[in-house]
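**Q** sequence and predicted structure, then a few things I'm wondering about:
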There are 4 protein chains.
Amino acid sequence: MNKIFIHDQLIRFSHCDPAGIVYFPRFFDLAHGTMEDWFSQGLGQPLPDLIRDRRIGTPTVTIQCDFSKPLRMGDTLRFELRVLRAGNASVRLAYSGKKEGVEHLKLEQTIAFMALDAGSAVPIPEDLRPRIEEYLVG
Amino acid sequence: MNKIFIHDQLIRFSHCDPAGIVYFPRFFDLAHGTMEDWFSQGLGQPLPDLIRDRRIGTPTVTIQCDFSKPLRMGDTLRFELRVLRAGNASVRLAYSGKKEGVEHLKLEQTIAFMALDAGSAVPIPEDLRPRIEEYLVG
Amino acid sequence: MNKIFIHDQLIRFSHCDPAGIVYFPRFFDLAHGTMEDWFSQGLGQPLPDLIRDRRIGTPTVTIQCDFSKPLRMGDTLRFELRVLRAGNASVRLAYSGKKEGVEHLKLEQTIAFMALDAGSAVPIPEDLRPRIEEYLVG
Amino acid sequence: MNKIFIHDQLIRFSHCDPAGIVYFPRFFDLAHGTMEDWFSQGLGQPLPDLIRDRRIGTPTVTIQCDFSKPLRMGDTLRFELRVLRAGNASVRLAYSGKKEGVEHLKLEQTIAFMALDAGSAVPIPEDLRPRIEEYLVG
């Protein structure tokens, strides 16, 4: 269905460095916030419940980010989240980070599904797979 | 000369998430700490002075990280820093993150040199170039 | 007028520690976010503009916090912000941090107004004083 | 015996805000780092082991901080840690934060000992009490 999850976040004082722009590791925090809200609002499975009740975590296996333009305190960062691939036990996500319609950064992240008590990978839960696939890119 | 900059950091409580392992965005903070100490101890040019006195910043243009094994509170993370490429105005760095000799994560980062007041890229400062190139991979 | 500024924030994964509860320094980040939104929405003076255009900062001079109950990922933290005192160059703020109507933490913070270029205290700007005083406690 | 635990930490880029000085919530992270090293080096009981093996945590109950002078990137922050009071289930700590012998901030923190599985306060472990009391102020 090619859904896109849209998520806005305000760039705060605490995100910015002595040069007055977002300190780049904070973008991964912001992307994680987008992913959390995608789980709860987009997939209908809040991450805290997944972790606490189902004992499944979603560690990041690989991440890549290109920063083309800086962001500053007071800017609104819009992340557009899409799914690039839904594997057996992992999902590859793409985030386009925009300010007023212009892309400032691009991020790709692979998360795995992991049984927290066993510490081993598990298949994407069957109830989540179809909901995740709604966000698959064309 | 194929120098390697070795840097040890203790994994602290504040780096870890509810699963008890390092929350991945903190690794970029830790890598930035390694880069800061490389500038001061490896290159003899402390980053605070570069920023304040010479008005040159080193924003990250692109970053990529593969996480193969988790780290926990109390572990010591050793980063081995090497230079993959020294371009005109940018440097590509590789970090191998190890615990007790075993690689847990791998990171590649391109930083640019930027005139902070003009907001534009500048060539690698001539006094720094030879010192940076000492860390070039064979 | 005894106004209260009400501000809700979601407790995220990144706020929580290996015990699964908010790592206490994060509460100061969250309180700072409340203060930022109070400046923009409550006082009509966004902090980024105060800093960038008027070159006035609001450093914290003293802070005190009592933590009575923990908060967990997925909780909504409501801060109620009041002004305890508006001095010549400083403002004392009180934050009551609640979850579902029950207080979990209490915070008091004194901020000063500072001319960023001179590095010295300045009186509360005259246009802001009456708006700040609207939030004065009884 | 009036011991003092001395702990030096470098102020890094990531600690600083757009005004170029340490963003105050980071001082609580830095103080936590001092407390962690006091547990491992001063008390001989690493906090990770206390949490994981003995299932005892040390949540902060109350904290208070006065900031008199700012710190900047590249500064070395020395914390001097003393024990103000060792109660039944809690300890009150004082941190004096200095740069080159001059106090820049002062912090007081009460931590409780808590059984993590029961979620309830426990007395200071008997093996730790005498070691903690060595740091009691005169």
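**A** Okay, I see it.
**Q** so which bits of chain A are right by chain C?
**A** Proximity of chain A to chain C (Cβ under 8 Å from any Cβ of the partner chain) is limited to residues A:12-14, A:29, A:32-33, A:36, A:46-49, A:51, A:72-74. (C-beta placed from N, C-alpha, C; glycine too.)
**Q** now do the helices in chain A.
**A** Under the criterion DSSP state H, helices of chain A are mapped to A:25-37, A:47-52, A:129-133.
**Q** can you tell me which of these is most buried?
**A** Each of the helices of chain A was scored by mean neighbour count; the highest is helix A:25-37, a mean of 22, by mean count of other Cβ atoms under 10 Å in any protein chain shown.
**Q** how many degrees apart are that one and helix B:25-37 in direction?
**A** Taking axes from the mean of the first three to the mean of the last three Cα atoms, to 10 degrees, helix A:25-37 and helix B:25-37 form an angle of 180 degrees between their directions.
**Q** is any residue of helix A:25-37 near chain B?
**A** Yes. Using Cβ under 8 Å from any Cβ, helix A:25-37 reaches chain B at A:25-26, A:28-29, A:32.
**Q** and the residues you listed near chain D, which?
**A** Answer for the residues of helix A:25-37 next to chain B near chain D (Cβ under 8 Å from any Cβ): residue A:25.
**Q** out of the residues of helix A:25-37 next to chain B, the closest to chain C would be?
**A** Of all those, residue A:29 has the smallest distance to chain C: 5.2 Å, by Cβ to the nearest Cβ.
**Q** residue B:30 is in contact with residue A:25, correct?
**A** No. At 9.2 Å, residue A:25 does not count as touching residue B:30 under the criterion of Cβ atoms under 8 Å.
**Q** got the helices of chain A as JSON lines, with mean pLDDT columns?
**A** Output for the helices of chain A, formatted as JSON lines (pLDDT from 0 to 100):
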{"stretch": "helix A:25-37", "mean pLDDT": "97"}
{"stretch": "helix A:47-52", "mean pLDDT": "92"}
{"stretch": "helix A:129-133", "mean pLDDT": "98"}
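**Q** residue D:130 is nearest to which of the ones you listed?
**A** Residue D:130 lies closest to helix A:47-52 among these, at 38.5 Å (Cβ to Cβ).
**Q** how distant is that closest one from the center of its chain?
**A** Counting by Cα atoms, centre = their mean, to the nearest Å, helix A:47-52 is centred 16 Å from the centre of its parent chain.
**Q** next one: stretch A:44-62
**A** The answer for stretch A:44-62 is 13 Å, by Cα atoms, centre = their mean.
**Q** so where is chain A shaky, pLDDT-wise?
**A** For chain A, applying pLDDT under 70 flags the ranges A:1.
**Q** where does it come near chain D, residue by residue?
**A** Residues of chain A lying close to chain D by Cβ under 8 Å from any Cβ are A:13-14, A:16-20, A:23, A:25, A:73.
**Q** let's see that with 6 Å instead.
**A** Within chain A, the positions near chain D by Cβ under 6 Å from any Cβ of the partner chain are A:16, A:18, A:20.
**Q** which of the residues you listed are buried?
**A** A:16, A:18, A:20 (16 or more other Cβ atoms under 10 Å in any protein chain shown).
**Q** in chain A, which spans are strands?
**A** Shown for chain A, the strands assigned by DSSP state E span residues A:5-10, A:56-57, A:60-67, A:76-86, A:90-99, A:102-112, A:114-115, A:120-121.
**Q** list the contacts of residue A:136.
**A** residue A:83 (Cβ atoms under 6 Å, 6 or more residues apart in numbering or on different chains).
**Q** one step back: now, among the residues of chain A next to chain C, which is nearest to chain B?
**A** Checking these against chain B by Cβ to the nearest Cβ gives residue A:29 as the nearest, at 5.1 Å.
**Q** my read is that the closest one contacts residue B:25, right?
**A** Yes. Contact between residue A:29 and residue B:25 holds when scored by Cβ atoms under 6 Å: they sit 5.1 Å apart.
**Q** who touches residue A:51 in this structure?
**A** With contact taken as Cβ under 6 Å, 6+ apart, residue A:51 is in contact with residue A:57.
**Q** one step back: farthest pair in the residues of chain A next to chain C?
**A** Based on Cβ to Cβ, the longest span within the residues of chain A next to chain C runs between A:49 and A:72 and measures 35.3 Å.
**Q** grab the most central residue of chain A for me.
**A** residue A:35 (3.3 Å; Cα atoms, centre = their mean).
**Q** could you measure that residue against residue A:47, distance?
**A** Distance from residue A:35 to residue A:47, counting by Cβ to Cβ, to the nearest Å: 8 Å.
**Q** what do you get for residue A:137?
**A** As for residue A:137, its distance to residue A:47 is 22 Å (criterion: Cβ to Cβ).
**Q** again, but for residue A:53
**A** In terms of Cβ to Cβ, residue A:53 sits 11 Å off from residue A:47.
**Q** next one: residue A:93
**A** Relative to residue A:47, residue A:93 is positioned 14 Å away (criterion: Cβ to Cβ).
**Q** now swap in residue A:72 and tell me
**A** Taken as Cβ to Cβ, the span from residue A:72 to residue A:47 is 29 Å.
**Q** so residue A:18 is in contact with residue D:17, correct?
**A** No. Between residue A:18 and residue D:17 there is no contact under Cβ under 6 Å: 7.2 Å.
**Q** mind listing the shared neighbours of those two?
**A** Counting by Cβ under 6 Å, 6+ apart, nothing touches both residue A:18 and residue D:17.
**Q** list the contacts of residue A:93.
**A** Counting by Cβ under 6 Å, 6+ apart, residue A:93 has contacts residue A:109.
**Q** er, residue A:76 I mean
**A** A:8, A:10.
**Q** test of understanding: give the bridge partners of it.
**A** Beta-bridge partners recorded for residue A:76 (DSSP bridges): residue A:10.
**Q** what's the separation between it and residue C:26?
**A** 22 Å.
**Q** which ones are touching the spatially closest residue to residue A:38 that is not a sequence neighbour?
**A** Residue nearest to residue A:38 in three dimensions, not counting chain neighbours: residue A:5, with 4.6 Å by Cβ to Cβ, 6 or more residues apart in numbering or on different chains. Residues near residue A:5 by Cβ under 6 Å, 6+ apart: A:38, A:42, A:81.
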